[in-house]
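In: Structure here, sequence nowhere to be found:
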Ligand code: NAP
Ligand code: FE
């Protein structure tokens, strides 16, 4: 059995009204919170009110930054941190999907190190960060239980994971906030979580404990598949999807994401393809790359399909149709990915340019 270390320090509160019922948990984090949200959803789904009610009840100050865009940029992190520093905030709370949750992680460094630029989040170096609380309102990224944050780098024309990595101290998971999600965002984000389970399970860093969690997450996804297909998102299904995505976050916190995520970032930047759907486009060809099909077969079995092809057909049936891609896109994406070997590092076997090219070609032009 492979040796492994298991580290997931976020304290997770799961269940209805978990914020108000555990409001004292904020008291260990600081005296004034810089709260991150997107422009609209947190004000509508009750999450922002629950957080500010809880903070008010325990006498903690707060200031709101509600301008986090989807796939947040480094510029946004800097703007928010400037406000937080001016207001004397000493910890952060991210409320939303992965975008506000990641923005909060990024800004936690800039608040703890006045003068630090957001660009430095992408560089080596040891920096401290302020305490972090996260409230997930999509069931997808699992950012509340990962140490990752993903930012848009306009200068490079893509997205990248930050080098600086920070787990939340506390994470709140109340599925009632996800009830206001559109069917489309519900499905795209559920598929993001599914790809986390698949990529973590097949990563070079997979380990026994993580694999059992990944299998349990896949089984929960399988239970939700009929509802996903029928767009029948009951509160019970939403709770299962949220649990599945948090489990998937724990899985990638240990084992990382792999090629589908690496491949998806450029199409997301260039064509605005939702993150989860971008990963799904590459999943079939990714699983076909494995000379040993034991794990791909296990995934198919747990999900209840008879082949990778029928799994891919299911994904296509629940997601928007694929955009048009060209041979030139395939060549360009292949060259860019090959030039960043770190993005291939979690694949168990070394990959040739030809294999990466084929994965892109099949994903974008054939399947
Ligand atoms: P998101 O970008 O945070 O939000 C997508 C959309 O959903 C926004 O329009 C948002 O509106 C809306 N929304 C969020 N919660 C809602 C709710 N409860 N009801 C109605 N609408 C809601 O989506 P995401 O897919 O969760 O996050 C994607 C980001 O996370 C990407 O940048 C991705 O790279 C990153 N990511 C991070 C990790 C990690 O481990 N850190 C892992 C995977 C992906 P508002 O803007 O109004 O809130
Ligand atoms: Fe993801």
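Out: That came in fine, so what should we check first? The shown structure was predicted, so the numbers you read here are calculated from the model rather than taken from an experiment. Ligands and ions are numbered 1, 2, ... in the order given.

In: Tell me which stretches of the chain form helices.
Out: 18-21, 41-44, 47-57, 74-87, 98-112, 183-202, 208-230, 235-255, 259-271, 275-288, 294-303, 308-318, 327-338, 353-361 (DSSP state H).

In: So for residue 137, which of these sits nearest?
Out: Among the helices of the chain, the nearest to residue 137 by CB to CB is helix 47-57 (5.3 Å). C-betas here are computed from N, CA, C, even on glycine.

In: can you tell if that closest one touches ligand 1?
Out: No - counting by CB under 6 Å from any ligand atom, ligand 1 is not contacted by helix 47-57; separation bottoms out at 7.0 Å.

In: In terms of secondary structure, what does that helix contact?
Out: helix 18-21, strand 32-36, strand 61-65, strand 91-96, strand 132-136 (3 or more CB pairs under 8 Å, 6 or more residues apart in numbering; DSSP states H and E).

In: can you pull the buried residues of that helix?
Out: By 16 or more other CB atoms under 10 Å, the buried positions in helix 47-57 come out as 47-48, 50-52, 54-55.

In: Could you export the residues you listed as TSV, including pLDDT?
Out: Formatted as TSV, the buried residues of helix 47-57 follow (pLDDT from 0 to 100):
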residue	pLDDT
47	98
48	98
50	98
51	98
52	98
54	98
55	98
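
In: Among those residues, which one lies nearest to ligand 1?
Out: The shortest gap between ligand 1 and any of these belongs to residue 47, at 7.0 Å (CB to the nearest ligand atom).

In: From the structure, what's the count of residues near the closest residue to the closest one other than its chain neighbours?
Out: Counting by CB to CB, 6 or more residues apart in numbering, residue 177 is the residue found nearest to residue 47 once chain neighbours are left out, at 4.5 Å. By other CB atoms under 10 Å, 27 other residues sit near residue 177.

In: do residue 353 as well
Out: Residue 353: 11 neighbours (other CB under 10 Å).

In: pretty sure it contacts residue 333?
Out: No - the pair residue 353 / residue 333 is not scored as a contact, 11.8 Å apart, by CB atoms under 8 Å.

In: Quick check: which of the helices of the chain is buried the most?
Out: Comparing the helices of the chain by mean neighbour count (mean count of other CB atoms under 10 Å), helix 98-112 ranks first with a mean of 28.

In: Quick check: mean pLDDT of that helix?
Out: Per-residue pLDDT values across helix 98-112 average out to 98.

In: Which elements pack onto that helix?
Out: Packed next to helix 98-112, using 3+ CB pairs under 8 Å, 6+ apart, are strand 32-36, helix 74-87, strand 91-96, strand 132-136, strand 150-153.

In: Among the ones you listed, show the one with the smallest mean pLDDT.
Out: strand 150-153 (a mean of 94).

In: Is any residue of that one near ligand 1?
Out: Yes - legend: contact between strand 150-153 and ligand 1 by CB under 6 Å from any ligand atom is shown at residue 150.

In: JSON lines for the helices and strands packed on helix 98-112, including distance to residue 183?
Out: As requested, the helices and strands packed on helix 98-112 are arranged in JSON lines below (distance: least, CB to CB, whole Å):
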{"stretch": "strand 32-36", "distance to residue 183": "25"}
{"stretch": "helix 74-87", "distance to residue 183": "27"}
{"stretch": "strand 91-96", "distance to residue 183": "18"}
{"stretch": "strand 132-136", "distance to residue 183": "18"}
{"stretch": "strand 150-153", "distance to residue 183": "24"}
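
In: of the ones you listed, which approaches residue 24 most closely?
Out: It's strand 132-136; of the helices and strands packed on helix 98-112, that one is closest to residue 24 (CB to CB) at 12.4 Å.

In: Packing partners of that closest one?
Out: Counting by 3+ CB pairs under 8 Å, 6+ apart, strand 132-136 packs on helix 47-57, strand 91-96, helix 98-112, strand 170-173, helix 235-255.

In: same thing but 7 Å
Out: strand 91-96, helix 98-112, strand 170-173 (3 or more CB pairs under 7 Å, 6 or more residues apart in numbering; DSSP states H and E).
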